[in-house]
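>>> model this:
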Amino acid sequence: MATPRIVIIGGGFSGLMAAYHLSHHVPEAHLTVLEPYAEWGLGLAYSTPEPVHLLNVRADRMGALAGQPGHFWAWLSTQPEGGIYAAGSFVPRCIYANYLRSLRVAIEARASLIHVVSEAVAVHPRGDTHVVTDADGKQWPADAVLIATGNPVPSSEGLLPKGSHVPEYYLLPSAWNAQGLSERIRSLRPDRPLFILGTGLTMVDSVMSLQRHGYSGRIIALSRHGHLPLPHVELDASMEMHPHIGETLMSLPPRVRLWCRAFRHAAEQVTRQGGDWRGVVDALRPYTVRLWQRLSATEKKRFFRHLFSVWNIHRHRMAPEVHAVIDAWRAEGRLALLAGRLTHVEAGPEDMRIHWVPRGKNEVQIHDVQAMLACVGPGYDMRRSRSPLFQQLLKDGVLNAHDSGYGVVLHQANSGIFMMGTPCIGASLETTAVPELRDQAANCAMAIKEYLHST
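Sure, this is the predicted structure:
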């Protein structure tokens, strides 16, 4: 056949690793990466220049290549700055970005590849192939298409309650816009609090940036549950694993309540024996997808409704150094975490008035704040996505909403369209961390190779 054309939609970590494996498995292919960032391969997570934004996984487990978890640590050991870190260090993400750049250089030297600085807005069939349309109206023919869009960029738009309006000058830039945030911090008053919507890892990154750039006032952070990600700790060999937890859950009927009870029992047992609950969480990782796929749609919805936020703070933890800063801010009364829902926002000439209702209660609470920063996580219900691409693919029936309500699934297998990462959350649950994404990228590359050779 002629030179196969593969279009990768999304050029963050997922797109980079997909390109890496495709350049090995389908070396004759021409790769087109549609990524709106000027520099592809980093995405939002690893584009941050802030040295206080650390990886959430220790260095010796952050290898980007499938089957090689120590690859990043081996690379870091050869770098000038490598001497100041240990295998168990939580390294700044800007250093990890240099590692990804080294992989991108290797891909571009080996593969026929172009980076289109634009966003994909549509994918349509054309005979036995497809054509991908970008935001500039250009069309890119493809024998295979890989959707690897990653997490949507958090935005203040659409987050405010109906009837609320906040002028742009009250909304602070993202924590990943270091220059913009630094400039705005200079205008903030230390005697008036700052409001953050969200209490997850994005909020944590924001607090670290605010501290680095000199913000000395108070922060009020609100989320539905008020949960804060828990910290990593150093685990010795006796604390690292609970080897039977996966088999234990696999042996039980697929009921979230039963599994939760068994998991808690295992964590309590390990703790009584001098271990740590984190070892139980980590031991479950190889079983997560298989367990998830055993659950019915009803059970998956139950998990997302009642346990997802709890699971996330235990599973996606923050670096100990970062936790120390957050803990100090809370102890000093500079950071307050609230659980509830935002009901109304009023913008006055100098301040914003935040109306919110505490979780489980009805009475409205009010806080006057000087500015707002949106730190909410990605919207997993793709039916509400503002992405033109997902709107088109759902409308045309190429994708269907997953029966859990989270993420999407391909309507038809072997159609020449493939998908990995965040859109697959309903099907796999764990789809956003490097250890899962590196395996997904390798699997997708193999699936695309088999598809091309069968057509």
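>>> quick one: contacts for the residue nearest to residue 419 when sequence neighbours are not counted?
Leaving out its chain neighbours, the residue that sits closest to residue 419 by CB to CB, 6 or more residues apart in numbering is residue 147, at 4.4 Å. Backbone N, C-alpha and C define where each C-beta goes, glycine included. Going by CB atoms under 8 Å, 6 or more residues apart in numbering, residue 147 touches 9-10, 389, 417-420, 423.
>>> which of those residues fall in strands?
Mapping these onto strands (DSSP state E) picks out 9, 417-419.
>>> before we move on, the earlier item: now rank the contacts of residue 147 by neighbours and give me the top one.
Using other CB atoms under 10 Å as the neighbour criterion, residue 423 leads the contacts of residue 147 with 29 neighbours.
>>> pretty sure it contacts residue 408?
Yes: the pair residue 423 and residue 408 qualifies as a contact (CB atoms under 8 Å) at a distance of 5.1 Å.
>>> joint contacts of those two?
382, 390, 399.
>>> list the contacts of residue 66.
Contacts for residue 66 (CB under 8 Å, 6+ apart) come out as 21, 438-439, 441-442.
>>> not counting sequence-adjacent ones, nearest residue to it?
residue 442 is the one closest to residue 66 (CB to CB, 6+ apart), at 3.7 Å.
>>> what sits against that neighbour?
Contacts of residue 442 by CB under 8 Å, 6+ apart are 17, 21, 66-67.
>>> which strands or helices does the strand or helix carrying residue 269 pack on?
Following DSSP states H and E, one finds residue 269 within helix 256-272. Packing partners of helix 256-272 (3 or more CB pairs under 8 Å, 6 or more residues apart in numbering; DSSP states H and E): helix 245-251, helix 277-284, helix 297-306.
>>> nearest to residue 199, of the ones you listed?
Nearest to residue 199 among the helices and strands packed on helix 256-272 is helix 297-306; the distance by CB to CB comes to 17.6 Å.
>>> angle of the closest one against helix 256-272?
50 degrees (axes from the mean of the first three to the mean of the last three CA atoms, to 10 degrees).
>>> tell me what helix 297-306 is packed against?
Judged by 3+ CB pairs under 8 Å, 6+ apart, the packing partners of helix 297-306 are helix 256-272.
>>> residues touching the helix it packs on, excluding its own?
For helix 256-272, contacts defined as CB under 8 Å, 6+ apart pick out 239, 242, 244-245, 248-249, 252, 276-277, 279-280, 284, 291, 295, 299, 302-303, 306-307.
>>> contact partners of the helix or strand hosting residue 106?
Using DSSP H and E, residue 106 sits in helix 93-110. With contacts defined as CB under 8 Å, 6+ apart, helix 93-110 is touched by 13, 16-17, 19-20, 23, 27, 40-42, 45-51, 53-55, 62, 64, 72, 75-76, 79, 81, 113.
>>> pick the most buried one from the helices and strands packed on helix 256-272.
Burial of the helices and strands packed on helix 256-272 is given as mean neighbour count (mean count of other CB atoms under 10 Å); helix 277-284 ranks first at a mean of 20.
>>> output that one as PDB, nothing but the C-alphas.
Only the C-alpha atoms of helix 277-284 are listed here, as PDB (Å, rounded to 0.1, in the frame of the first residue of the first chain):
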ATOM      1  CA  TRP A 277      -2.700   2.300  53.500                       C
ATOM      2  CA  ARG A 278      -0.800   3.700  50.500                       C
ATOM      3  CA  GLY A 279       0.700   0.300  50.000                       C
ATOM      4  CA  VAL A 280      -2.800  -1.200  49.600                       C
ATOM      5  CA  VAL A 281      -3.800   1.500  47.100                       C
ATOM      6  CA  ASP A 282      -0.600   0.900  45.100                       C
ATOM      7  CA  ALA A 283      -1.100  -2.900  45.200                       C
ATOM      8  CA  LEU A 284      -4.500  -2.500  43.600                       C
END
